[in-house]
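A predicted structure for the sequence below; I have some questions about it.
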Amino acid sequence: MASLSRENLSWTSWPMLRSPIRAVLAVAFVVLMAWTIQALFRTTYFTVVAVLLVWGQVAGFFLPTRFSLTGDGVSVRGLVSRREKDWSEFRSYYVDRGGVLLSPFMERSRLERFRGVSVQFHGNRDAVVAFVERMMARKDDTGDSGEGGETDEPVERLGDERQGGRASAA
């Protein structure tokens with residue numbers, strides 16, 4: 001499912017397939033919610049609106065997402081969305097159990113979930129982490145700080161253990 005070359009890593013992640021029990025529970029929740037709203041309000045309009053709002057929040061779980069890491073940047077493509085960013089836009093990254101968050105901030109920020117890019121693993125954790133580390137180190141070596149080279153300080157990264165440990169900025 002993953003293709004790897006020297007400067008390219010791409011794969012498709014489909015969380016629903018990795019966690020079928022969660023998928024069944026999510027579908028059951030949406031059906032129960034729709035039935036409850038229909039029974040309480042007796043109007044199809046509110047039921048449809050509620051189901052669409054909930055579906056909008058959980059669609060990423062049910063639909064495949066295509067990830068591509070290249071020497072130039074990161075691309076995340078879903079069914080209706082596409083995000084592409086250059087490595088120069090990232091200042092730090094955070095590894096957790098399910099993926100890597102590439103952040104435009106040097107330190108943790110509440111905004112990084114909105115401005116950063118979340119890359120999900122799909123049986124390729126080691127390859128993705130190694131690729132991200134290599135690209136961030138290469139960016140550091142070239143002096144590209146993401147803000148026009150204004151600072152030569154290394155990017156500080158948080159480690160893998162529940163965001164607690166710090167990794168060296170090799």
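Thanks, I have the structure now. Residues are numbered from 1 along each chain as shown.

show me where pLDDT drops low in this structure?
Low-confidence regions of the chain, defined here as pLDDT under 70, cover residues 1-6, 142-170.

can you map out the helices along it?
Ranges of helices within the chain are 15-18, 20-41, 44-62, 112-115, 125-141, based on DSSP state H.

of those helices, which approaches residue 87 most closely?
The minimum distance between residue 87 and these falls on helix 125-141, with 5.1 Å, by C-beta to C-beta. C-betas here are computed from N, CA, C, even on glycine.

Tell me which residue is most central in this structure.
The geometric centre of the chain, computed from its C-alpha atoms, lies nearest to residue 118 (C-alpha atoms, centre = their mean), at 1.9 Å.

related to what we said a few turns ago, and of the helices of the chain, who's closest to residue 100?
Nearest to residue 100, of all those, is helix 125-141, at 5.4 Å by C-beta to C-beta.

burial count for residue 28?
Neighbour count for residue 28, taken as other C-beta atoms under 10 Å: 10.

just to revisit the earlier point, in JSON lines: the helices of the chain, plus distance to residue 102.
Conversion of the helices of the chain to JSON lines gives the following (distance: least, C-beta to C-beta, whole Å):
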{"stretch": "helix 15-18", "distance to residue 102": "19"}
{"stretch": "helix 20-41", "distance to residue 102": "25"}
{"stretch": "helix 44-62", "distance to residue 102": "17"}
{"stretch": "helix 112-115", "distance to residue 102": "9"}
{"stretch": "helix 125-141", "distance to residue 102": "7"}
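
between these, which gets nearest to residue 104?
Smallest distance to residue 104 across the helices of the chain (C-beta to C-beta): 5.1 Å, for helix 112-115.

if we can go back for a sec, can you tell me how far the closest residue in space to the residue nearest to the centre of the chain that isn't next to it in sequence is from residue 51?
Nearest non-adjacent residue to residue 118, counting by C-beta to C-beta, 6 or more residues apart in numbering: residue 101, 5.2 Å away. Distance, residue 101 to residue 51, using C-beta to C-beta, to the nearest Å: 29 Å.

neighbour-wise, which of the two wins?
Per other C-beta under 10 Å, whichever of residue 101 and residue 51 has more neighbours is residue 101, with 20 against 16.

before we move on, back to that, how much space between the residue nearest to the centre of the chain and residue 96?
Taken as C-beta to C-beta, the span from residue 118 to residue 96 is 10 Å.

Likewise for residue 107?
Taking C-beta to C-beta, one finds residue 107 at 17 Å from residue 96.

Comparing these two, which residue is more hemmed in?
With other C-beta under 10 Å as the criterion, residue 107 and residue 96 differ in neighbour count, and residue 96 comes out ahead with 14 against 10.
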